[in-house]
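Trainee: Please work out how this folds:
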Amino acid sequence: MEDAQLKRAKRLLERLGLPQRGPRAVDCSDWTGLPVDADAPARRREAAPISAAVSALAGKFGIQAADGRAEAAAGEAMLAAWRQAAGDLADRLVPERYAGGILYVRGGGSAELFELRRTRLRAIEAAARRLAPFAGLRQIRLRAG
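Mentor: Have a look, this model is predicted:
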């Protein structure tokens, strides 16, 4: 700002009764104005990997760790069964998860899914129930994607 503008601004502040400067900062050179460190470095714990914490919690509650290979094989079996049950629609509809007897499937637009629900969904559900991975299938839920 130029000097003239600065002088006008100062006069306006004085007329309005506003302070020209903010409050003074507290002098903290002797450390008295600073808050006390509640978590002092002497009391802090060492960092631990998350996997150690998870395995400790699993042991506490008696949960066994899942074998990744067995889970992958089960997933492959479900995908193969889905391809067999869905037939030509298996390329457009992708299963996301299977929980509580409900198979969540994503794919297609809302108009296409509306037609599928009206015409072919009951037949796909019946075909899937005859296959081993989906023996307890209650419902297939379609989501636009």
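Trainee: could you point out which element follows the helix-or-strand element of the chain with minimal mean pLDDT?
Mentor: The helix or strand of the chain with the poorest confidence is helix 50-61; it has a mean of 72 (mean pLDDT, DSSP states H and E). Heading C-terminal from helix 50-61, the first helix or strand you meet, by DSSP states H and E, is helix 68-86.
Trainee: For that following helix, name the packing helices and strands.
Mentor: The contact analysis (3 or more C-beta pairs under 8 Å, 6 or more residues apart in numbering; DSSP states H and E) places helix 68-86 against strand 94-99, helix 121-129. Placement of C-beta: from N, CA and C, glycine included.
Trainee: chain center to the least confident helix or strand of the chain: distance?
Mentor: Averaging C-alpha positions (C-alpha atoms, centre = their mean, to the nearest Å) puts helix 50-61 21 Å from its chain's average.
Trainee: export it as PDB, just CAs?
Mentor: Output in PDB follows, covering the C-alpha atoms of helix 50-61 (Å, rounded to 0.1, in the frame of the first residue of the first chain):
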ATOM      1  CA  ILE A  50      -0.100 -53.500  12.700                       C
ATOM      2  CA  SER A  51       0.200 -57.200  11.900                       C
ATOM      3  CA  ALA A  52       1.500 -57.800  15.400                       C
ATOM      4  CA  ALA A  53      -1.500 -56.000  16.900                       C
ATOM      5  CA  VAL A  54      -3.900 -57.900  14.700                       C
ATOM      6  CA  SER A  55      -2.500 -61.200  15.500                       C
ATOM      7  CA  ALA A  56      -2.500 -60.400  19.300                       C
ATOM      8  CA  LEU A  57      -6.200 -59.400  19.000                       C
ATOM      9  CA  ALA A  58      -7.000 -62.600  17.000                       C
ATOM     10  CA  GLY A  59      -5.300 -64.700  19.700                       C
ATOM     11  CA  LYS A  60      -7.200 -62.900  22.400                       C
ATOM     12  CA  PHE A  61     -10.500 -63.700  20.800                       C
END
